[in-house]
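# got a predicted structure plus its sequence, pasted below:
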Amino acid sequence: MTLYPNLILDALKNVRYPGNGKDIVSLGMVEDDIRIDGDKVSFSLIFDRPTDPFIRSVVRAAETALITFISKDVDVKDRIAVKFRQAAPEKKPELLPGVKNIVGISSGKGGVGKSTVSINLAVALAARGYRVGLLDADIFGPSMPKMFGVEDEPLYMESHDGRDWIDPVEKYGVRMLSIGFLVDKEKPVLWRGGMASNALKQLISDAWWGDLDYFLIDMPPGTSDIHLTLVQTLAMTGIVVVTTPQEVALADARKGVAMFTDSKVNVPVLGIVENMAWFTPEDHPDERYYIFGRDGGVRLAEKEGVRLLAQIPLVMGIRERSDDGNPVACELSGDASAAGPEALAFGRLADNVVHAVADRNATLPPSRKVETNS
């Protein structure tokens with residue numbers, strides 16, 4: 001008797017899958033790999049999962065069907081292979097779908113004014129008319145609630161798309177969240193790295209950030225697993241590195257640049273901010289005293305081949321305004337001509353970040369471009 005594939009398929013149509021009573025051919029369980037060598041027949045049966053309780057019984061039924069409906073001479077014993085369908089990977093919901101640009105503000109060490117730069121950059125961008133969000137990712141030293149003057153502000157939940165979300169606090173046109181709202185401000189946060197990373201993920205994924213032009217992340221100082229969590233969780237547009245001019249700070253800033261440009265991380269550095277670039281007495285705005293050294297950030301930017309985004313002076317008013325919850329960049333939201341030199345410095349920083357983001361997006365392939373309103 002001559003065997004051919006359609007004859008095999010016709011016989012296998014008599015085999016019913018016990019789970020639903022349909023024949024295994026119409027269910028697509030017989031793979032298109034039927035091989036015939038004389039009386040020897042081999043093929044594969046496809047099941048959804050390895051734990052299917054009917055695998056053995058279906059294989060035996062298929063062997064019996066060929067012998068019963070074709071010929072007892074068909075040699076099929078132990079020639080039926082079992083395969084499993086590969087489940088399509090579960091599509092995870094996109095994080096922050098309404099956010100156009102995600103910018104991290106980082107520093108190699110603490111004490112260089114990274115949070116002060118972050119909050120004033122956020123306020124300056126909002127004063128320029130952009131929709132801005134700010135995440136305080138410094139889990140162990142959250143400072144944003146105080147610098148916004150909202151330390152005692154409660155967090156509320158709001159309903160969107162059939163679920164409840166954390167509603168970020170909004171002030172000065174900036175939507176902001178910090179772990180500082182959820183912990184005792186008088187006590188240290190004694191968490192291991194995994195707990196801190198999970199808390200950070202919740203502030204990102206469980207908050208209703210809405211539509212934003214810029215989502216700024218004030219990162220913890222140094223290089224840690226929290227930085228890796230952020231770059232692995234979010235599609236970062238780029239990083240702004242903050243340093244002061246002295247060599248100790250510059251050495252750590254170089255490490256920060258190296259971390260983000262490493263091939264395993266691969267997040268572009270938008271530029272360097274040299275904070276506390278010089279001391280200027282408020283009563284003598286034209287005087288400059290280079291207390292921490294001169295142009296260290298300038299040299300770092302040149303060496304690393306990135307932009308110098310701004311040089312911010314060391315002025316007592318910047319610190320006082322931050323401590324009072326009234327950032328100096330708030331002056332930009334009114335009559336810009338009345339803004340002081342410190343506020344104007346942050347305004348230039350905001351403009352330069354907008355341009356750096358626009359240039360960064362212009363270098364991306366079309367499918368990876370991130371929108372910007374610049």
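Here it is on my side, so go on.

# quick one: the closest residue to residue 171 other than its chain neighbours from residue 268, how far?
The shortest distance from residue 171 to any non-neighbouring residue, by C-beta to C-beta, 6 or more residues apart in numbering, is to residue 148 (5.2 Å). In this view, the C-beta of every residue, glycine as well, is placed from N, C-alpha and C. Residue 148 is 28 Å from residue 268, where distance means C-beta to C-beta, to the nearest Å.

# can you show me the helices along this protein?
5-12, 55-69, 114-127, 144-148, 193-205, 225-233, 247-261, 296-304, 316-323, 341-362 (DSSP state H).

# quick one: the fourth one to chain centroid distance?
Think helix 144-148. When distances are taken as C-alpha atoms, centre = their mean, to the nearest Å, helix 144-148 is centred 23 Å away from the chain's centroid.

# what packs against that helix?
If contacts are counted by 3 or more C-beta pairs under 8 Å, 6 or more residues apart in numbering; DSSP states H and E, helix 144-148 sits against helix 114-127, strand 132-136, strand 169-171, strand 174-178, helix 316-323.

# and the ones you listed as TSV, adding mean neighbour count?
What follows is the helices and strands packed on helix 144-148, written out as TSV (neighbours: other C-beta atoms under 10 Å):
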stretch	mean neighbour count
helix 114-127	27
strand 132-136	27
strand 169-171	17
strand 174-178	25
helix 316-323	16
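
# for the residue most central in space within the chain, which non-adjacent residue is closest in space?
Here the mean C-alpha position of the chain is nearest to the C-alpha of residue 234 (C-alpha atoms, centre = their mean), at a distance of 0.9 Å. Excluding its sequence neighbours, the residue lying closest to residue 234 (C-beta to C-beta, 6+ apart) is residue 102, at 5.3 Å.

# what pLDDT does the model give that neighbour?
Residue 102 carries a pLDDT value of 94.

# who's in contact with the least confident helix or strand in the chain by mean pLDDT?
Between all helices and strands in the chain, the lowest mean by mean pLDDT, DSSP states H and E belongs to helix 225-233, at a mean of 75. With C-beta atoms under 8 Å, 6 or more residues apart in numbering as the test, helix 225-233 has contacts from 95, 104, 106, 137, 139, 193, 196-197, 200-201, 204, 217, 219-220, 236, 259-260, 265, 267.

# now do stretch 348-356
103, 117, 120-121, 124-125, 127-128, 130, 238, 240, 270-271, 273, 307, 309-310, 312, 329, 372, 374.

# stretch 275-289 too?
Everything outside stretch 275-289 that qualifies as a contact, by C-beta under 8 Å, 6+ apart, is 112-114, 116-117, 242-245, 290-292, 294-295, 297, 311-317, 341.

# check contacts around residue 105.
Residue 105 neighbours (C-beta under 8 Å, 6+ apart): 114, 117-118, 121, 216-219, 239-240, 242.
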